[in-house]
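S.K.: coords please:
(one chain, ligands or ions: 1)
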Amino acid sequence: MKILLATKNRGKISEINRIFSDLPVEFVGLDTFEEVPEVIEDGKTFHDNALKKAMTYYNIASIPALAEDSGLEVEALQGAPGIYSARYAGENATDSENNRKLLQALSGLPPEKRRARFVSVLCLILDGKPFFFEGEVRGRILEKPEGESGFGYDPLFVPEGYEHSFGVLGEEIKNRISHRAMALKKLRHFLNDHIK
Ligand code: ITT
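M.R.: Here you go, the predicted structure:
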């Protein structure tokens, strides 16, 4: 089965492809389309945004479309940056600008007050109908970045049960325990039942 992967985030594309490499599913990227419309992520929840992205591209491509909305929720910041994670430090902010802003917001807080979780909501549009799959990973935010692996807030996020950030732990561990891995596991069960 061909599924359009409705994301422009390269970090997500490579993680999703790797996690699904053993399934008879071929993911096609948005780059196969000449003109890709910009989707304004103006929903109030991860679900709203994932649905909007998936439905927009499903309507263009007319093949099953999978979109994801994800982000980091920090307890001490009442769930921020949340749905604004990609543009926490402003429109078109880089990962390191976002990381810097987060460290400033948490400055002076001890480890027990730096609890956070990554959330992933996948939306698959199949025959015009949306199906949602959610995942999360809990952890804490470091006081300075470590490691180069992954993307986004990975160098600052230490998952529960580990001593180092996703930036240090690397893709093999991340792809086993991450929010995206958890959501994709649910999608995998669904596809196993729906593709012959
Ligand atoms: P698309 O909308 O094109 O999929 P995006 O980067 O805008 O790409 P989101 O709106 O879902 O994606 O924003 C997710 C942001 O949350 C992402 O840019 C990172 O800052 C952060 N994030 C999500 N998952 C992450 C992960 O696994 N590791 C580190 N940061 C992550």
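S.K.: Next, see if stretch 124-141 gets close to the ligand.
M.R.: No: Stretch 124-141 is not in contact with the ligand by Cβ under 6 Å from any ligand atom; minimum separation 8.6 Å. Backbone N, C-alpha and C define where each C-beta goes, glycine included.
S.K.: Just the buried positions in that stretch, please.
M.R.: Neighbour-count burial for stretch 124-141 flags 124-126, 130-133, 135, 137, 139-141 (criterion: 16 or more other Cβ atoms under 10 Å).
S.K.: What is the nearest of those to the ligand?
M.R.: Val137 (8.6 Å; Cβ to the nearest ligand atom).
S.K.: Quick check: beta-bridge partners of that closest one?
M.R.: Beta-bridge partners recorded for Val137 (DSSP bridges): Phe118.
S.K.: thought it was touching Phe118?
M.R.: Yes: in this structure, Val137 is within contact of Phe118 by Cβ atoms under 8 Å, at 5.1 Å.
S.K.: what's the overlap in contacts for the two?
M.R.: Residues touching both Val137 and Phe118 comprise 178-179, with contact defined as Cβ atoms under 8 Å, 6 or more residues apart in numbering.
S.K.: interface residues of the chain facing the ligand?
M.R.: 7-9, 12, 41, 68-72, 85-86, 98, 118, 150-154, 178, 180.
S.K.: from those, which would you call buried?
M.R.: 7, 12, 41, 68-72, 85-86, 98, 118, 150, 152-154, 178, 180.
S.K.: spatially speaking, which residue is in the middle of this protein?
M.R.: Note on the chain: the residue nearest the mean C-alpha position is Ser70, at 3.9 Å, using Cα atoms, centre = their mean.
S.K.: Could you verify that that residue is part of a strand?
M.R.: Yes: under DSSP: H, G, I helix; E, B strand; the rest coil, Ser70 falls within a strand.
S.K.: Just want the residue of this structure that's nearest the ligand.
M.R.: Gly152 (2.3 Å).
S.K.: what sits against the closest residue to that residue other than its chain neighbours?
M.R.: Spatial nearest neighbour of Gly152, excluding adjacent residues (Cβ to Cβ, 6 or more residues apart in numbering): Asp95 at 5.4 Å. Counting by Cβ under 8 Å, 6+ apart, Asp95 makes contact with 151-153.
S.K.: So which of the residues you listed is the closest to Leu77?
M.R.: Taking Cβ to Cβ as the measure, Leu77 lies nearest Tyr153 of the contacts of Asp95, at 12.6 Å.
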